[in-house]
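*Asks:* Only the shape, not the letters, is given here:
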């Protein structure tokens, strides 16, 4: 069971990093993008995504910044520069 949870966490982390390798995004934007790309088959809930984002930010994998968009403050996530270099090596 613990191994299964580990695989799910690894898969979720990979999905988030793939999205953020394309552009900076806020949480709900990631959820919408995943839903759209999978034609509603793949659905992430905020209760799964935000703890993952906070964990990745806490360990230095992601950076975040706040920005107003249409009158709302949104927290955008990006891959830390050190991680971007490692991702580039992984894709070669």
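*Replies:* Good, I have the coordinates. Predicted model only: the values in this text are computed from it and were never measured.
*Asks:* show me where this structure has strands.
*Replies:* 25-26, 62-69, 72-79 (DSSP state E).
*Asks:* Low-confidence stretches in this protein?
*Replies:* Low-confidence segments of the chain (pLDDT under 70): 1-9, 83-92.
*Asks:* Need the residue closest to the centroid of it.
*Replies:* residue 16 (2.9 Å; Cα atoms, centre = their mean).
*Asks:* Let me have the strands of the chain in TSV, adding distance to residue 42 and mean neighbour count as columns.
*Replies:* In this view, the C-beta of every residue, glycine as well, is placed from N, C-alpha and C. Compiled in TSV, the strands of the chain are given as follows (distance: least, Cβ to Cβ, whole Å; neighbours: other Cβ atoms under 10 Å):
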stretch	distance to residue 42	mean neighbour count
strand 25-26	16	18
strand 62-69	21	13
strand 72-79	19	15
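*Asks:* would a markdown table of the ones you listed with distance to residue 38 be doable?
*Replies:* Output for the strands of the chain, formatted as a markdown table (distance: least, Cβ to Cβ, whole Å):
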| stretch | distance to residue 38 |
| --- | --- |
| strand 25-26 | 16 |
| strand 62-69 | 22 |
| strand 72-79 | 20 |
